[in-house]
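Colleague: with the sequence up front, the predicted model follows.
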Amino acid sequence: MIVEGLSLPRYEAEPLVGDLPPFGHQVVARETIETQDEFYLALTAPTGSGKTNAWAVPALAGERLGVVLALYPTNALARDQYRSLCRLRDRLNPSKPVEYLDAERLGLKRDEYDYHMTKGDVLVQIVRRMKRSGGVIVTNPDIFIYGLKGYFSNHYLSSVLKNMVSTVVFDEFHLFDLKQTDMILFLLDEVSSYDSALMKRFIFLSATPNERALAKIRDVMQGNLVVAGPHCDVPVVDEVQVMPEVDLRFVRGRRFGVGEAVLADLDRFMEFCTGCRTAVILDSPAEVWMVADFLREQTDLRVCEMSGYHRGSMDEPFDVLVGNKAVEVGIDFKGETAIQRLIFSAHNLSEFLQRFGRLRNPEPGVAYQAVCYAPRETVDHFSAVERVSREGLKERLRRTMRDPRVAQSFTWRYGYLEAWEHICKHATGIGAREARAMINDDGARPLTGGVPSDRRERVMAEGLARLYRHYFEGSGISPEEIFQCQGLVPLENYTEADVPLLDLIDELVSFRGNGMDLAYLNLTDGGSGTYDLFFLLRWTDLEVVSREEFLQALPEERRSWGREVAGRVAGYVFVRGRVESPRSVKMEGATFWEMGRPDQERVPRVVPGIGPYVGSRDPAVPVPDITGLSEAIRNKGVFCRYFAHRGYVAKELFDLDDYLRLVPFKDGSLALHLDALYADCAAFEHQVR
């Protein structure tokens, strides 16, 4: 089946870079930036049409955007875009500063000082240096959110960001989940309400616009929303192709099983990619690891491996890149890394569009081909289709693929508590951490924090009104009724009985949610980082070690990082490679109260006394000793929601996302951490229906 290429009009207007006419969204973006001081600008043009240049050129070549925070959903994408922005900066304005920051980079910069500094202090210094002439800080949303919330150890950082950063850019905004989107827009609304704040320009980039977020900006926040699509009211000069014509074949494939299907027909794979640079995008890091290892061992192909666990480099030439979600948003294939062949798994519409969109920036005379492993219904639907336009492809896919259902009740059942914690901490200085300390210390109140006492009542009232607009409007709950919702009293008044609410808030206030991660050191290649406990226990040859052993084995330059992650990980392991067949991993422990109750009475909460258990059916795959690790997890407790069904049954029954993990536990399963809240809302909506 031939999928037609996509061409966009270019317009009779001043070129953005060089002598090329601009696209419509670039024309609208430039006019908005040049003429308006406050705006929410949504760039909604297709992939490969220069959305980044629409804001980056004015930011680097001009002064209007001031200090820009450019936020990317993954660090891989942030690093890739940082390199692109540096190249553009060198061409336009070599003196304009561009910085890349993540938590680790901030830590390294902090350690360069001879005196005590915090990561917040480092960020404050960077922003202040840029204030005079502008600049771009490339980072992730976590740092921005934590900075505004005051979670860094610097009392002035929130004010510095509000009063010295002029512009915030959110790339791939459609990838932000419901919790993240709600909290970001709540904070932007709060910042916009301050007359003294300089931060008044917000730019959102997305090939598939988040209609819910745009409606909230327009209707709830009353923001000056400008939507810049591919067309504008200026004479057209010409059209240029931004997406190539592709020979696309659909093949039946199951989620998390495409890696095995690719290797089962290696001859066909080799024929498909011979002479062309190829990307293989799979569902899980385990598939990526397996396929990449096999291709290295069995072929002469130069393989680049990129997943959340293995972070390869594209600096060296490659024939085949094997990756998962880290690739679909983390890599911009162009120039020497441009691909001509694509093999990918797709089981919902958004996933298909994101992954298929990696074939971009067409080169003259190149024949592009792709193979998509998809559900049977999709394969059957397209079996008789010979040619289709891009828009026609999308419309047909809507009939056979659907995006995971998002439990909208999450917003008013749980999500609002994150905003409420922020309101309380801002007004009184008492957030979740301080409230827990007061309960443990019999009411000892922190001596500093919050706004002056004569302003607290007004700040709390304004925050509560904003919270209602963002989280409850349209839910059927009136402003008077929200006080019947759990937790809506100042956190300084929480008591021992409210500790479960603090546990819930702790899960929410982390931007990406908490998880059950291990710190690992790969003894084979020296790599280190944090990664999912269940993946490491299932797929790696590992040894659980103490924190002291782990720090001692780390290279000197990584020990500062090793000490910092202590509060965020469940334990420490040495990894020696991949096991040939996966182990089984489940949770074990005592029966708890909710297990004997009807489903509608079960709630997400911290359950003590449960921990991971590892088994192996393959005698050649040893079971690691995780006694100490499991005991530590049991003692701390696990935030979870119990289901009386096996995982696959619960997913089908409650229409849960494929990527939401349900871990076996006795005769049922557990959703863990933030997944516990999402799964509970899905079960609630199922009961309502």
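Modeller: Noted; the coordinates are in hand. Residues are numbered from 1 along each chain as shown.

Colleague: where does Val545 land on pLDDT?
Modeller: Note on Val545: pLDDT of 96.

Colleague: correction: the previous question concerned Leu447.
Modeller: pLDDT at Leu447 comes out at 67.

Colleague: could you name the helices and strands sitting against the strand or helix carrying Asp380?
Modeller: In the assignment (DSSP states H and E), Asp380 maps to helix 376-382. Where contact means 3 or more Cβ pairs under 8 Å, 6 or more residues apart in numbering; DSSP states H and E, helix 376-382 is packed against strand 246-252, helix 390-400. Placement of C-beta: from N, CA and C, glycine included.

Colleague: helix or strand right after the longest one?
Modeller: In this case it means helix 390-400. helix 410.

Colleague: flag every buried residue along the following helix or strand past that following helix.
Modeller: Following helix 410 in sequence order, the next helix or strand is helix 416-428 (DSSP H and E). Buried positions in helix 416-428, judged by neighbour count with 16 or more other Cβ atoms under 10 Å: 416-428.

Colleague: quick one: low-confidence parts of the chain?
Modeller: 328-332, 442-443, 447-448, 511, 513 (pLDDT under 70).

Colleague: next, name the residue at the spatial heart of it.
Modeller: By Cα atoms, centre = their mean, the chain has its centre lying nearest to Pro73, at 4.5 Å.

Colleague: now for the next helix or strand after the helix holding Asp380, which elements pack on it?
Modeller: Using DSSP H and E, the helix or strand that follows helix 376-382 towards the C-terminus is strand 387-388. In terms of contacts (3+ Cβ pairs under 8 Å, 6+ apart), strand 387-388 is packed against strand 2-3.

Colleague: list the helices and strands the strand it packs on packs on?
Modeller: Using 3+ Cβ pairs under 8 Å, 6+ apart: strand 2-3 touches strand 246-252, strand 387-388.

Colleague: please identify the most buried of those.
Modeller: strand 246-252 (a mean of 17; mean count of other Cβ atoms under 10 Å).

Colleague: quick one: buried residues of the helix or strand containing Gln552?
Modeller: In the assignment (DSSP H and E), Gln552 maps to helix 547-553. Applying a neighbour-count criterion of 16+ other Cβ under 10 Å, one finds Phe550, Leu551, Ala553 buried in helix 547-553.

Colleague: any idea how far the second one is from Ser510?
Modeller: What it means is Leu551. According to Cβ to Cβ, to the nearest Å, Leu551 stands 24 Å off from Ser510.

Colleague: same deal with the first one?
Modeller: In this structure, Phe550 and Ser510 are 23 Å apart, going by Cβ to Cβ.

Colleague: with the last one instead?
Modeller: Ala553 sits 28 Å away from Ser510, taking Cβ to Cβ as the criterion.

Colleague: same question for Lys149.
Modeller: Counting by Cβ to Cβ - Lys149 and Ser510 are separated by 11 Å.

Colleague: cool, Thr540 as well?
Modeller: 25 Å.

Colleague: next one: Gln222
Modeller: 30 Å.

Colleague: what's the distance between the helix holding Gln552 and the middle of its chain?
Modeller: 30 Å (Cα atoms, centre = their mean, to the nearest Å).

Colleague: so Asp121 sits against Arg110, correct?
Modeller: Yes. Asp121 lies in contact with Arg110 (Cβ atoms under 8 Å); the separation is 7.3 Å.

Colleague: need the three-state assignment for Ala679.
Modeller: With DSSP: H, G, I helix; E, B strand; the rest coil as the basis, Ala679 sits in helix.

Colleague: nearest residue to it other than its sequence neighbours?
Modeller: In this structure, Ala679 finds its nearest non-sequential neighbour in Ala671, 3.9 Å apart by Cβ to Cβ, 6 or more residues apart in numbering.

Colleague: give me the contact list for the host helix or strand of the one you found.
Modeller: In the assignment (DSSP H and E), Ala671 maps to strand 668-672. With Cβ atoms under 8 Å, 6 or more residues apart in numbering as the test, strand 668-672 has contacts from 515-516, 587, 595, 604, 610, 638-647, 650, 660-663, 676, 678-680.

Colleague: repeat that for stretch 223-239.
Modeller: 7-13, 21, 23-29, 32, 36, 38-46, 49, 54, 189, 192, 209, 214, 217-218.

Colleague: rewinding a little: nearest to Arg405, of the helices and strands packed on strand 2-3?
Modeller: Distance to Arg405, taken as Cβ to Cβ, is lowest for strand 246-252 among the helices and strands packed on strand 2-3, at 23.5 Å.

Colleague: who does that closest one pair up with?
Modeller: strand 2-3 (antiparallel), strand 368-374 (parallel) (DSSP bridges).

Colleague: tell me the helix or strand right after the first one.
Modeller: So the one you mean is strand 2-3. With DSSP H and E, the next secondary element past strand 2-3 is strand 6-11.

Colleague: now the angle between helix 390-400 and that next one, please.
Modeller: 130 degrees (axes from the mean of the first three to the mean of the last three Cα atoms, to 10 degrees).

Colleague: gap between stretch 242-258 and the chain center?
Modeller: That offset, for stretch 242-258, works out to 24 Å (Cα atoms, centre = their mean).

Colleague: by contact count, what packs against the host helix or strand of Gln180?
Modeller: Gln180 is part of helix 178-192, with elements assigned from DSSP H and E. Where contact means 3+ Cβ pairs under 8 Å, 6+ apart, helix 178-192 is packed against helix 141-149, helix 211-215, helix 416-428, helix 453-471.

Colleague: toward the C-terminus from it, list the very next helix or strand.
Modeller: strand 201-205.

Colleague: off-centre distance for that next one?
Modeller: The answer for strand 201-205 is 17 Å, by Cα atoms, centre = their mean.

Colleague: hmm, who's touching that strand?
Modeller: In contact with strand 201-205 (Cβ under 8 Å, 6+ apart) are residues 29, 33, 37-43, 51-52, 55, 65, 166-173, 188, 210, 213.

Colleague: one more: stretch 31-38?
Modeller: 39, 41, 55, 58, 62, 64-65, 192, 200-201, 224, 226, 228.

Colleague: as a markdown table, those with secondary structure and distance to Leu282 would be great.
Modeller: Formatted as a markdown table, the contacts of stretch 31-38 follow (DSSP: H, G, I helix; E, B strand; the rest coil; distance: Cβ to Cβ, whole Å):
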| residue | secondary structure | distance to Leu282 |
| --- | --- | --- |
| Phe39 | strand | 39 |
| Leu41 | strand | 35 |
| Trp55 | helix | 32 |
| Pro58 | helix | 38 |
| Gly62 | coil | 42 |
| Arg64 | coil | 43 |
| Leu65 | coil | 38 |
| Ser192 | helix | 41 |
| Lys200 | coil | 42 |
| Arg201 | strand | 38 |
| Asn224 | coil | 42 |
| Val226 | strand | 38 |
| Ala228 | strand | 34 |
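
Colleague: just the buried subset of these, please.
Modeller: In these, the ones that pass as buried (16+ other Cβ under 10 Å) are 39, 41, 55, 58, 62, 64-65, 192, 200-201, 224, 226, 228.

Colleague: ok, which pair from the residues you listed is furthest apart?
Modeller: The widest separation within those (Cβ to Cβ) is 22.6 Å, between Gly62 and Ser192.

Colleague: returning to that earlier point: any chance of a PyMOL selection covering the buried ones in the contacts of stretch 223-239?
Modeller: Selection of buried members from the contacts of stretch 223-239 for PyMOL, criterion 16+ other Cβ under 10 Å:
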select buried, resi 8+9+10+11+13+21+23+24+25+26+27+28+29+32+39+40+41+42+43+44+45+46+49+54+189+192+209+214+217
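
Colleague: and the helices in the stretch 1-150 of the chain, which stretches?
Modeller: For the stretch 1-150 of the chain, the helices defined by DSSP state H, counting those that start in this stretch occupy 24-35, 51-61, 75-92, 103-111, 119-130, 141-149.

Colleague: same check on the stretch 551-689 of the chain?
Modeller: Using DSSP H, counting those that start in this stretch, helices in the stretch 551-689 of the chain cover 559-564, 627-636, 647-654, 674-688.

Colleague: which helix or which strand is home to Lys162?
Modeller: Assigned by DSSP H and E, Lys162 falls in helix 157-164.
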